[in-house]
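[1] just need the structure, nothing else, for what follows:
(2 chains)
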Amino acid sequence: MTVPTMSSVTKTPKVAIIGNPNVGKSTIFNQLTGLNQKIGNYPGVTVDKKTGTMNYHGSSYEIIDLPGTYSLYPNSEDEVIAHRVLNQLSESEKPEFVLMVIDSSQLSRGLFLATQLIDLGLSLAIVLNMADLATKRNIGIKTFEIFKALGVPILSTDARGEKGLDQIRDLIHNRNFSKKGSFLAIEEVVPIGLLEEVMAKFGMTNTYQAYQMLRFGRVDKIIAQEDRDWIKDKLEGLNFDLEAAQLEETKIRYRKITTIVEHAVLKEVSTIKEKSGLDSLFLHPIWGYVIFTAILLIIFQAIFAWASVPMDLIDGFFAEMSGKVSDLLPDGPFSSLIAEGIIPGIGGVVIFIPQIALLFGFLAILEDTGYMSRVVFLMDRWMRPFGLHGKSVVPLVSGVACAIPGIMAARNIGNWKEKIITIMVTPLMSCSARLPVYVILIGLVVPDRSFGFVNLQALTLLGLYILGIVGVLGTAFLLKIILKTTEKSYLMVELPSYRAPRWWDVVLTMYNKSKTFVLEAGKVILAISVILWVLASYGPPAKMDEVRAAGEAKLALAATPEAEEQIVSETSSQLLENSFVGIMGRAIEPVIRPLGYDWKIGIALIASFAAREVFVSTIATIYSIGGDPDNDLTIREKLNQQIRPDGDKVYNTATAFSLMIFYAFAMQCMSTLAVVYRETKGWKWPLIQTVYMTALAYLSALLVYQVLS
Amino acid sequence: MLKTADQIPVTQTAVIKEIIDSPLKLNLMELGFLPGKQITLKFSAPLGGPMAFKLDETILALRKNEASLIEVQLL
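    Purely as a prediction, here's the structure:
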């Protein structure tokens, strides 16, 4: 039957898992590898590289989970990866064996890809997954018929019920894969002479691989420019229509597959009417949207209610750590760096984990049950006029909690332009970090009065949220006009059958997403917070020493503990004023003066680039508000007492509204910046985003202040 | 009578005659929209939103633009 290929005995063999979307590929990957997973990157693209180790009977195997695809033709970034790895073009991943997963009730679609893999000359085995569903649908498959036609090993499993997983492990362990050679002779549609030239040029032994190189090599950046030019010249010289050949290939392939499927599949005509009961509710033109809104509300409620508990614990834990470290270490720059720079920096990364994990947990459940593609179906029409895709709904809605998981979720959008627009506008949604800033400022200038049911303060807050949405749609619309792409936007999505979520997969998603965030974005966040700490705690040494000495002199004379506390907080306020951040605050004063801000607010603006909520603690330090800085009332009173040289209040209505508008639009979040950097693989987009958001914030705040004052 | 798939009324079934030439032709074909196959329109999102077709055992959603690339004959 099949000869096990014993190519690499000493090296860990690599097995790639491939299949159409929604066939349970990732479940098989998760079951085989468990927690031994690693998420890395493929060079030059944002697609996650999921690899894991399977240990079985004392041997280990490296398993690669490739993105789901319908064919070897690369239409999206995901599919480019599948294309490269399977064509052995990827330097880092050259799998020895390929495990092709097929949905038993979608046989012909799966065989389309499987037969392409056979033609590539890969060592292949096929897993017919979801056998249970096929049985339920009265589909019987004679696997032997398929084996006869294809000549590669076939297993029938149900990975959700864990049935047949040991069979898969055995199959891999016994290296029961087989190279069949060819299913469709590509020479039928492409001149053999041309294929032989390509094979000679690139040292290939397989005609189908040569054809793939000919068809896609011109546009694949992983191929050397010189080779791409060579292919281009070859094709132009011959005047041969490759796209027509590809269509012809598709037709012949499907014709051959249809013959196999007709022999292999027994389908009893079921008398039971197809149940689309759930969908007639979930996709209903009215109820569908009502249910979607309700699900969103439940998710947000849960994120706000459940994430706040661990977030408070994390906050408390890192504050305590800082305190302990500064107590233990001798006073000095080193202790201060650790206690006030590094520990809060790490805390600033860890604090996001509850929100990220919860949001991705919910998203995984929605994805796994099959509901997510219904959301895409419902929302696509409403997103398209703004240059967005049905899939943009999830990132945008997540942005209300936090832009970071939202931007991470934008990865599912296949179209480059729609993905970039989604990433660029998501931070304009009013995230939870803006809330403390809004609450303080609203409390300061908006009277707590009600007209009927409508409370003025609540109305203002609602207005700020709506402003965020208006900003999102307006900016998206502008970007739609500005950004150019040749890539055509399309929506072709399967609405899979509803199923119960696989909880283990949900947990793994939560774990992996959090891990990726901490490892990738965490580095940038930590680096920026250390820089900000340095700027805020150091200044020209002579001046800083003078302030410190004066503070200590006063402290020696202090009579009561209250007076001591007062002096300490005044000293730290003066130290901040004379630090580099203070100097920067003064330097930008001429620029922010037209917005109604003085240099103290300038300091808060610079410091809160770390995160918006830092605004509150920074102004607490600047105005030397002792006691509990979390107490809104003390901050509010103190701010109310700040008087300008001309006798007017610093925080008058115009300034407060100008600040709120500024915070609504400004990119005051280095974590978002770090995540955009990670998702777009470069500094270009995060920089453009920072510039446009700051400009938008500045101009809107300017307008508001000039109109109100 | 020959129509395109975006004109199929809800719950009606049609046979695919041809996929019109376009850059998306291959994408449609690899999903299984092939001449000779039967498709049924199951759901249609409001205001000209996407359409959900039953093809073999699966339901596939397409935008109206993409559905208009599929030439069908109503059954």
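[2] tell me the phi and psi of the residue lying farthest from the centre of chain B?
    The centre of chain B is farthest from one residue, B:Leu47, which by Cα atoms, centre = their mean lies 17.8 Å away. B:Leu47 has phi and psi values of phi 60, psi 50 when expressed as degrees, to the nearest 10.
[3] contacts only, for it.
    Each residue near B:Leu47 by Cβ atoms under 8 Å, 6 or more residues apart in numbering or on different chains is listed here: A:Arg381. The way it works is simple: take the backbone N, C-alpha and C, and place the C-beta from them, glycine included.
[4] and the pLDDT for whichever residue of the stretch 401-550 of chain A sits closest to chain B?
    The nearest approach of the stretch 401-550 of chain A to chain B comes at A:Leu495, 4.2 Å away (Cβ to the nearest Cβ). pLDDT, A:Leu495: 89.
[5] in this structure A:Ser709 contacts A:Gly596, no?
    Yes - the pair A:Ser709 / A:Gly596 is scored as a contact, 6.4 Å apart, by Cβ atoms under 8 Å.
[6] need the overlap of contacts for the two.
    Overlap of the contact sets of A:Ser709 and A:Gly596 (by Cβ under 8 Å, 6+ apart) consists of A:652, A:654-655.
[7] and the residues you listed as CSV, adding distance to chain B, neighbour count and secondary structure?
    Shown next, in CSV, are the shared contacts of A:Ser709 and A:Gly596 (distance: Cβ to the nearest Cβ, whole Å; neighbours: other Cβ atoms under 10 Å in any protein chain shown; DSSP: H, G, I helix; E, B strand; the rest coil):
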residue, distance to chain B, neighbour count, secondary structure
A:Asn652, 46, 17, coil
A:Ala654, 42, 18, helix
A:Thr655, 43, 26, helix
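[8] just send those residues back as TSV, with pLDDT too.
    Below are the shared contacts of A:Ser709 and A:Gly596 laid out as TSV (pLDDT from 0 to 100):
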residue	pLDDT
A:Asn652	87
A:Ala654	91
A:Thr655	92
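[9] counting neighbours, what do you get for residue 36?
    Using chain A here. Other residues within reach of A:Asn36, judged by other Cβ atoms under 10 Å in any protein chain shown, total 14.
[10] that was the other one, I meant chain B.
    B:Gly36: 9 surrounding residues under other Cβ under 10 Å.
[11] A:Gln642 is in contact with A:Ile619, correct?
    No - with contact taken as Cβ under 8 Å, A:Ile619 and A:Gln642 are classed as non-touching, separated by 9.5 Å.
[12] show me which of these two is the more surrounded one.
    Neighbours were tallied for A:Ile619 and for A:Gln642 using other Cβ under 10 Å; the higher tally belongs to A:Ile619 (24 against 15).
[13] the more buried one sits in which helix or strand?
    In this structure, A:Ile619 is located in helix A:614-622 according to DSSP states H and E.
[14] average pLDDT for that helix, rounded please.
    Averaging pLDDT along helix A:614-622 gives 76.
[15] need the contact partners of it.
    So helix A:614-622 is contacted by A:436-437, A:440, A:569, A:572-573, A:576-577, A:600-601, A:603-605, A:607-608, A:625, A:629, A:635, A:639, A:663, A:668 (Cβ under 8 Å, 6+ apart).
[16] does any bit of stretch A:385-393 sit next to chain B?
    Yes - if you take Cβ under 8 Å from any Cβ of the partner chain as the test, stretch A:385-393 does meet chain B, through A:Gly390.
[17] mind checking how far the residue of the stretch 251-400 of chain A found nearest chain B is from A:Phe177?
    The stretch 251-400 of chain A approaches chain B most closely through A:Arg381 (3.3 Å), counting by Cβ to the nearest Cβ. For A:Arg381, the distance to A:Phe177 equals 45 Å [Cβ to Cβ, to the nearest Å].
[18] neighbour count winner among the two?
    Between A:Arg381 and A:Phe177, counted using other Cβ under 10 Å, the more crowded position is A:Phe177 (24 against 18).
[19] and A:Trp382, what does it touch?
    Contacts for A:Trp382 (Cβ under 8 Å, 6+ apart) come out as B:Gly49.
[20] so which strand or helix has it?
    Applying DSSP H and E, one finds A:Trp382 within helix A:372-383.
[21] for the record, mean pLDDT for the helix or strand immediately after that helix in the chain?
    Counting by DSSP H and E, the next helix or strand C-terminal to helix A:372-383 is helix A:393-398. Averaged across helix A:393-398, pLDDT comes to 86.
[22] helices or strands up against the helix or strand following helix A:393-398?
    For helix A:393-398, the following helix or strand on the C-terminal side (DSSP H and E) is helix A:403-409. Judged by 3 or more Cβ pairs under 8 Å, 6 or more residues apart in numbering or on different chains; DSSP states H and E, helix A:403-409 is in contact with helix A:353-369, helix A:393-398, helix A:503-516, helix A:670-680.
[23] okay, those helices in TSV with mean neighbour count next?
    Shown next, in TSV, are these (neighbours: other Cβ atoms under 10 Å in any protein chain shown):
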stretch	mean neighbour count
helix A:353-369	21
helix A:393-398	25
helix A:503-516	18
helix A:670-680	24
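[24] between the ones you listed, which one is closest to B:Asn65.
    With respect to B:Asn65, and counting by Cβ to Cβ, the nearest of those is helix A:393-398 at 19.7 Å.
[25] outside of that closest one, which residues touch it?
    If you take Cβ under 8 Å, 6+ apart as the criterion, helix A:393-398 is touched by A:296, A:359, A:363, A:372, A:375-376, A:379, A:383, A:388, A:405-407, A:409-410, A:412, A:422-423, A:425-426, A:429, A:472.
[26] try 6 Å this time
    A:296, A:359, A:375, A:379, A:405-406, A:409-410, A:422, A:426 (Cβ atoms under 6 Å, 6 or more residues apart in numbering or on different chains).
[27] ok, back up a step: so the residue of the stretch 401-550 of chain A closest to chain B sits right up against A:Ser373, yeah?
    Yes - using Cβ atoms under 6 Å, A:Leu495 is in contact with A:Ser373, at 5.1 Å.
[28] between the two, which one's more packed in?
    Remark: of A:Leu495 and A:Ser373, A:Leu495 carries more neighbours, 27 against 22, as counted by other Cβ under 10 Å.
[29] residues touching that one, list them.
    By Cβ under 6 Å, 6+ apart, the contact set of A:Leu495 is A:373, B:52, B:59, B:61.
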